[in-house]
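**Q** here is my input, please return the structure:
(2 chains)
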Amino acid sequence: EAQVTQNPRYLITVTGKKLTVTCSQNMNHEYMSWYRQDPGLGLRQIYYSMNVEVTDKGDVPEGYKVSRKEKRNFPLILESPSPNQTSLYFCASSPGVGSGNTIYFGEGSWLTVV
Amino acid sequence: KNEVEQSPQNLTAQEGEFITINCSYSVGISALHWLQQHPGGGIVSLFMLSSGKKKHGRLIATINIQEKHSSLHITASHPRDSAVYICAVRLWDTGNQFYFGTGTSLTVIP
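**A** Presented below is the predicted three-dimensional model:
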């Protein structure tokens, strides 16, 4: 089954404790991306990757890091989480970004930083 | 600054009604997506448009490039259509970055 898998789905952590949210896709997609969703602000793009070893900043990259060492994986790293990073996070992938490419989303990861 | 505006923000309809959700954007785009988010959070892609019109079951999506506007129509609405509908665009001048509307929350009453 084609899917994007995120882990953990739910996490409560403390300020400053490094954490990683993993994202894996089994569709051999080139494009992967991370988003956060906040009430009243909607979805905002954090980082995206066009292919292995190619990553770019989205609209709100501050406080986040990513890596793309393998095509299937695109982890999101919060080196020193702060309460303003409490949010619902989505990973997504697509074959590319050109015409005709559907976006597939993971189920979301609820992150609370206290 | 919000590159993508959706309307209405909230919409309540009776089962069977025809529904229209609008999306306007401010600059040139290379693609527009309509997404559906159900309670519980999961997001599903409904359509990707770069021109014209697409239809899938009771859902129809149109885009007018000149007017920088897209609409999502739901015919014969059903309570299971209750969800948040989100418009997303990839702008010409931002490479491969996506921008999103804040969503339209639809409730269909039996």
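
**Q** any low-confidence regions in chain B?
**A** Low-confidence segments of chain B, defined by pLDDT under 70: B:1-2, B:92-95.

**Q** let's see that with 90 instead.
**A** Of all residues in chain B, those with pLDDT under 90 make up the ranges B:1-3, B:26-31, B:39-42, B:49-51, B:65, B:90-99.

**Q** got it, and chain A?
**A** A:1-2, A:40, A:95-103.

**Q** kindly recompute the last result at 80.
**A** By pLDDT under 80, the low-scoring segments of chain A are A:96-101.

**Q** which strands or helices does the longest strand seen in it pack on?
**A** Taking residue count as the measure and DSSP state E as the definition, the longest strand of chain A comes out as strand A:42-51. When contacts are defined as 3 or more CB pairs under 8 Å, 6 or more residues apart in numbering or on different chains; DSSP states H and E, strand A:42-51 sits against strand A:31-38, strand A:54-57, strand A:65-66, strand B:83-91, strand B:98-100. To be clear about C-beta, it is placed using only N, CA and C from the backbone, and glycine gets the same treatment.

**Q** ok, residues contacting it?
**A** Residues outside strand A:42-51 that contact it (CB atoms under 8 Å, 6 or more residues apart in numbering or on different chains): A:30-38, A:55-61, A:64, A:66, A:68, A:71, A:74, A:76, A:89-90, A:97, B:86, B:88, B:96-103.

**Q** ok, now with 6 Å
**A** With contacts defined as CB atoms under 6 Å, 6 or more residues apart in numbering or on different chains, strand A:42-51 is touched by A:30-37, A:55-56, A:58-61, A:64, A:66, A:68, A:74, B:97-98, B:100, B:102-103.

**Q** could you do stretch B:45-56 as well?
**A** Where contact means CB under 6 Å, 6+ apart, the residues beyond stretch B:45-56 that reach it are A:99, A:102-103, B:31-36, B:61-63.

**Q** circling back: just send the helices and strands packed on strand A:42-51 back as a markdown table, with mean neighbour count and distance to residue B:15 too.
**A** Supplementary listing: the helices and strands packed on strand A:42-51 in a markdown table, determined by neighbours: other CB atoms under 10 Å in any protein chain shown; distance: least, CB to CB, whole Å:
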| stretch | mean neighbour count | distance to residue B:15 |
| --- | --- | --- |
| strand A:31-38 | 23 | 28 |
| strand A:54-57 | 15 | 44 |
| strand A:65-66 | 18 | 43 |
| strand B:83-91 | 23 | 15 |
| strand B:98-100 | 23 | 28 |
